[in-house]
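Novice: this is the structure alone, sequence omitted:
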Ligand SMILES: [Mg+2]
Ligand SMILES: [Mg+2]
Ligand SMILES: [Mg+2]
């Protein structure tokens, strides 16, 4: 019980993040399923911190008329200022990470598709309140290699997403390099690293469960269960 | 000197904003000059708080290969939580405003145009460090009617933008309503209300000066001078 409370307290600090930066199209099979173009370099967008849904803080709200999709993603919590990181600076990238979390990048897919067609920003499609369910904070030591863990997501106990982070097109050093050449990263910032294949719709009442496995073993802190 | 220091201290709190939400295409003549479609409803995007450039904090950095455009905009500083505001709730909208500032929504125009063509997010085009020069904080009482003030911007002392906020397509209650139905606004959040016609490029060395006039009288706190 004490452990649980400590986890909760620490997760609530996520709402104080300066920004949430999300990588798009970072797994080849997910690009194919959305009929998207494969990016030549990482691209990214922002979610507002007001969209963060802490563990146990209630259901994801589906706005009327919205086709709501889940995207399970590994989140990095940044531990210090990072600016102009070089893409080959693997040590610098790993040093910039303070801890991890699991996250679901909820997306208003119909709104996003319309925005894409019209050349409009994605902020509305990605930014509704509750559109970023997160797990408790995962200590850095629990994930020795972030490029070799399993992410999964189930809807009503059916597996929808389950893939290894090995499949990322752009790995973490390249991501942090490209982002930090545009916007300085600051302590507490959150980076979502992209979603594997299997994204799809959820409707009210559906129970999403998501988690992380390291060497086949589930991480307790990385679990999300949300309606 | 004391007044100046108080102004600076107070402006530095802007960097603690939870989010910066920006309205696009909110003045008809600016829509025409960019060959954009007139929106049926306000749309908006996020700039990262790391892009805020405080008064006196140095030049705007132009990334290599970027066609850098200025857009002068009235900024609202939010004073309390706002969620699902009704569009006709003018009193509620005015009550939500704690103070004002002037801002320049610096934009990587070529990057933005490419993003529009490809249906990609605007976050990179809008989000580089230093892409949001802001003035000191303007007390609410100094702007009795935010829909009837003059915004101007000069480059090397040539007037490039100079228009009244009367020309906004969507006024503040409608903006805050549409935004707060998507994302809750929180104390300290910053809203950029769109730019009048006259946007254009700046190159290193150009001096931008911007300001606000109320009844023809310049507001000291609303001045921006930046390279
Ligand atoms: Mg995603
Ligand atoms: Mg603008
Ligand atoms: Mg010049």
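Specialist: Right, received. Where do you want to start? For clarity, every value in this text was computed on a predicted model and none was experimentally measured. Ligands and ions are numbered 1, 2, ... in the order given.
Novice: could I get the full set of helices for chain A?
Specialist: For chain A, applying DSSP state H gives helices covering A:2-12, A:28-33, A:90-96, A:109-118, A:123-127, A:172-180.
Novice: which one of these lies nearest to residue B:173?
Specialist: helix A:123-127 (18.6 Å; Cβ to Cβ). C-beta coordinates here come from the backbone N, C-alpha and C atoms, glycine included.
Novice: related to what we said a few turns ago, lowest-confidence stretch among the helices of chain A?
Specialist: Across the helices of chain A, helix A:2-12 has the smallest mean pLDDT, namely a mean of 57.
Novice: tabulate the helices of chain A (CSV), appending distance to ligand 3.
Specialist: Shown next, in CSV, are the helices of chain A (distance: least, Cβ to the ion, whole Å):
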stretch, distance to ligand 3
helix A:2-12, 49
helix A:28-33, 43
helix A:90-96, 37
helix A:109-118, 35
helix A:123-127, 33
helix A:172-180, 30
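Novice: separation between the closest residue to residue A:104 other than its chain neighbours and ligand 3?
Specialist: Excluding the flanking residues, the one nearest residue A:104 by Cβ to Cβ, 6 or more residues apart in numbering or on different chains is residue A:133, at 4.6 Å. Between residue A:133 and ligand 3 the computed distance is 49 Å (Cβ to the ion, to the nearest Å).
Novice: pretty sure residue A:218 contacts residue A:211?
Specialist: Yes. Counting by Cβ atoms under 8 Å, residue A:218 does reach residue A:211; the two are 5.6 Å apart.
Novice: of the two, which one has the most company?
Specialist: The neighbour count for residue A:218 versus residue A:211, taken as other Cβ atoms under 10 Å in any protein chain shown, is higher for residue A:211 (21 against 12).
Novice: need the per-residue pLDDT for the nearest residue to residue A:226 once chain neighbours are set aside.
Specialist: Nearest residue to residue A:226, sequence neighbours excluded (Cβ to Cβ, 6+ apart): residue A:133, at 4.7 Å. Here, the pLDDT recorded for residue A:133 equals 98.
Novice: relative to ligand 3, how far out is whatever residue of chain A ends up closest to ligand 2?
Specialist: Nearest residue of chain A to ligand 2: residue A:121, at 11.0 Å (Cβ to the ion). Residue A:121 is 30 Å from ligand 3, where distance means Cβ to the ion.
Novice: count of residues packed around the closest residue to residue A:178 other than its chain neighbours?
Specialist: Spatial nearest neighbour of residue A:178, chain neighbours left out: residue A:42 (4.7 Å); criterion: Cβ to Cβ, 6+ apart. Using other Cβ under 10 Å, residue A:42 has 22 neighbouring residues.
Novice: what's near enough to touch residue A:42?
Specialist: A:23, A:26, A:170, A:174-175, A:178-179 (Cβ atoms under 8 Å, 6 or more residues apart in numbering or on different chains).
Novice: pLDDT wise, what is the residue of chain A closest to ligand 2 at?
Specialist: pLDDT, residue A:121: 96.
Novice: contact partners for residue A:122?
Specialist: A:45, A:112, A:115-116, B:121-123.
Novice: repeat the analysis, applying 10 Å as the threshold.
Specialist: A:22, A:24, A:45-47, A:107-108, A:111-112, A:115-116, B:45-46, B:115, B:119-123 (Cβ atoms under 10 Å, 6 or more residues apart in numbering or on different chains).
Novice: relative to residue A:223, how far out is the residue nearest to it when sequence neighbours are not counted?
Specialist: Leaving aside its sequence neighbours, residue A:122 sits nearest to residue B:121 (Cβ to Cβ, 6+ apart; 4.3 Å). From residue B:121 across to residue A:223, the span is 29 Å (Cβ to Cβ, to the nearest Å).
Novice: for ChimeraX, write the select line for the buried members of the contacts of residue A:122.
Specialist: A single ChimeraX command selects the buried members of the contacts of residue A:122 (16 or more other Cβ atoms under 10 Å in any protein chain shown):
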select /A:22,24,45,46,47,107,108,111,112,115,116 /B:45,46,115,119,120,121,122,123
